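Asks: I would like to see how this sequence folds:
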Amino acid sequence: MVASSIIVCSYQVVDDAENWCKTIGETPDSSIQSLAFDPSGKTVVTGLKIGLEKGEIILWDVSKGVQNLVIQTDLNLMSNPTWSPDGQKLAYTTSDRAGNGTIQIWNSRDGSILQHVKAVPYLPDILSWSPDGSTIAGSDFSGLITLWDALSGDELSFHRIFPQQHAVSSLAWSPDSTELLAGSRYISCAENCSPTFDGKIVLIDAQSGAQRWQIDAGQVIDSLEISPDGTLLLAEVSWYRSEVSQYHHEVRLYRMSDGSLVRTVTLASTSQIEASKHAFWFPDSQRLLTLNGEGNLAVWDTSGAKRSEVHLEEYVQLFGLAWSPDSTRLVTSSYQGTIFVWNNATGQLLRKFEGEGMGASPVAWSADGKQIASSGSQGVIIWDEATGKRQQVLAVSNTTLYDLSWSADGRYFAALSPDDGITLWDAHSWLVLKTINKIGYAVAMAWSPDGKTLATAGMNVILWDTTSGEQVGVLGQDTATDSIAWSPDGSKIAAASGGWLVIWDVKTGQDLLQATSGQSYYAQSVALSPDGQILASAAGELILRDARNGEILQTLEGHSDADQLVFSPDGKTLASGSYDGTVVLWDMTH
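Replies: Reported below is the predicted structural model:
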């Protein structure tokens, strides 16, 4: 049985930054033939081969790791996919049992077929959509380049621009869609089978096919990409040196105006790079990102100077997030089971705790800042923040913990689990004081400022007396609630409840404020500033509101997929965290 996994990675390109990789999907009964991000970077499409005669196209949500759409077809998928610039359409080269080929264009929202484009005389194995969305270019092993109208499917023109036996290896459109670049590869074998490599790059007018210029690269062209500002061409070239049994890889920069060579960057790799593309432009057109065969990423500027390098040994994605009491440090946890402590001012990684079998874990910081709590294979782990050593392991029957928290005065510690409910410990002796069972569905909890009440969030918000363990209040009416926060004086609770942000009066249960959550129907997180004046919410966008009347004060741009919000205890910083491992710190003093 053939099985494949889809793993998405994010690499930060600054010194000491952490990186993450995550498996967003698995295909146990088929093999992945192709993969591509949509223009927004939020969706990955995979083309699967099922048996000998069927194919399947799956669109995956990158942040959630779920399938947004599955398209089943009786056709084989023969090419890598190409997205329309607006991300609304998806094109593949396909073939039936008889070998008849077409280019199929699907609606990426509902999977309906929008267009059949007859591919003649051969099946294109490379497709490229023009930036203006009007034209699809395709090429095949014979060196033929064909252009089709993306709306009607009509053939516009075809061009054979390379010498015989040169296969087209890459296509790239100019940003204004008026010009098309093509790269070629040619490998021959002499009598002693010592390979000879050759490749060319040709720029043509997309309408007439007239050649603007040609570059004789002398080596195989792996891929081409024009800088976003249209001034430079990035060309990946490679060849095999049989005398030393090594691969050689270069990135060459050419001027788009005349094809003249500007710079060559040699990648420090002697092994084959197992990637269809290993060099990319940054949006600013001033930097490029390269991947070598040893799994290292490097950032270069256009002068050829290396700006930074990232070694991809460890990959993390965010699960838990908490501030230190003095607001100088952040602790985060990953789905891979690692705890990280960061310097708030510099972003530097200060410490890392690892424990066998920890897995995804909530995290909490003690009131004095000396201890960090997380979940482990045997229960709750209490860490010494300064040394990273375990001080205590607190036994629980179910180590799948939803939330951990110290009371504000540091005297008590609570853990929330699906089986045990709430367990309360004395935070000095670590003796169990009370277990509050039968709390119903609950995924989060929060201590009142005076430590006398715990609020749990589930299908509503329930208030529990921490001395007696009795239920003393219910807020909300059977609406899924994932995030709650107390006001500083303990008189109010804010919650993300379904599509609403709600603030309740704790004594009366009255709704003091209701506001729609934002772009997304489902609000994922809320946070109240320490002075109780600002209500922050994450629901497809980050919004700051006046907590008294719900008036929108500001929308924070740049972290739309955030699902966790935490104010620093001094109120000067808001941390937003997302599943992809990104934490953004927002200055709240302005």
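
Asks: C-alpha from now on. contacts and neighbour counts both.
Replies: Fine.

Asks: okay but residue 434 is in contact with residue 421, surely?
Replies: No - under the criterion of C-alpha atoms under 8 Å, residue 434 makes no contact with residue 421, lying 10.6 Å away.

Asks: okay, those two: which has more neighbours?
Replies: Between residue 434 and residue 421, counted using other C-alpha atoms under 10 Å, residue 421 has the larger neighbour count: 20 against 16.

Asks: okay, now the nearest residue in space to that one that is not next to it in sequence: neighbour count?
Replies: Among residues not flanking residue 421 along the chain, residue 437 sits closest, at 4.9 Å (C-alpha to C-alpha, 6 or more residues apart in numbering). Applying other C-alpha under 10 Å, we find 15 residues neighbouring residue 437.

Asks: list phi and psi for residue 437.
Replies: Phi and psi for residue 437, reported as degrees, to the nearest 10, are phi -90, psi 170.

Asks: for it, what are its contacts?
Replies: By C-alpha atoms under 8 Å, 6 or more residues apart in numbering, the contact set of residue 437 is 420, 421, 422.

Asks: separation between the last one and residue 283?
Replies: The gap separating residue 422 from residue 283 is 49 Å, by C-alpha to C-alpha, to the nearest Å.

Asks: the more surrounded of these two?
Replies: Neighbour count, other C-alpha under 10 Å: between residue 422 and residue 283, residue 422 has more, with 25 against 11.

Asks: which residue is the nearest non-sequential neighbour of residue 367?
Replies: residue 410 (4.9 Å).

Asks: can you list the domains in this structure?
Replies: Following automatic domain parsing, the chain resolves into domains at 161-315, 318-587.

Asks: any idea which of the ones you listed is most buried?
Replies: domain 318-587 (a mean of 19; mean count of other C-alpha atoms under 10 Å).

Asks: coming back round to it: wait, which of the domains of the chain is closest to residue 109?
Replies: domain 318-587 (17.4 Å; C-alpha to C-alpha).

Asks: take stretch 102-121, keep the C-alpha atoms, and write them as CSV.
Replies: Output of stretch 102-121 as CSV, limited to C-alpha atoms (Å, rounded to 0.1, in the frame of the first residue of the first chain):
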residue,chain,number,x,y,z
THR,A,102,-6.8,17.9,-21.9
ILE,A,103,-6.2,20.7,-19.6
GLN,A,104,-9.0,20.8,-17.0
ILE,A,105,-9.9,24.0,-15.1
TRP,A,106,-11.8,23.5,-11.8
ASN,A,107,-13.5,26.0,-9.6
SER,A,108,-11.5,25.9,-6.4
ARG,A,109,-14.5,26.7,-4.2
ASP,A,110,-16.9,23.9,-5.2
GLY,A,111,-14.9,21.6,-7.5
SER,A,112,-17.0,22.1,-10.6
ILE,A,113,-15.3,21.9,-14.0
LEU,A,114,-15.2,25.3,-15.7
GLN,A,115,-13.3,24.5,-18.8
HIS,A,116,-11.8,21.7,-21.0
VAL,A,117,-8.8,22.8,-23.0
LYS,A,118,-7.6,20.4,-25.6
ALA,A,119,-3.9,19.9,-25.4
VAL,A,120,-2.3,19.2,-28.8
PRO,A,121,-0.2,17.8,-30.1
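
Asks: per-residue confidence averaged over that stretch?
Replies: Throughout stretch 102-121, pLDDT has a mean value of 82.

Asks: list just the nearest of the contacts of residue 437 to residue 332.
Replies: Nearest to residue 332 among these, with distances taken as C-alpha to C-alpha, is residue 422, at 22.6 Å.

Asks: which ones are touching the closest residue to residue 531 other than its chain neighbours?
Replies: In space, and not counting its chain neighbours, residue 531 is closest to residue 488: 6.4 Å by C-alpha to C-alpha, 6+ apart. Residue 488 is in contact with 449, 530, 531, 532, counting by C-alpha under 8 Å, 6+ apart.
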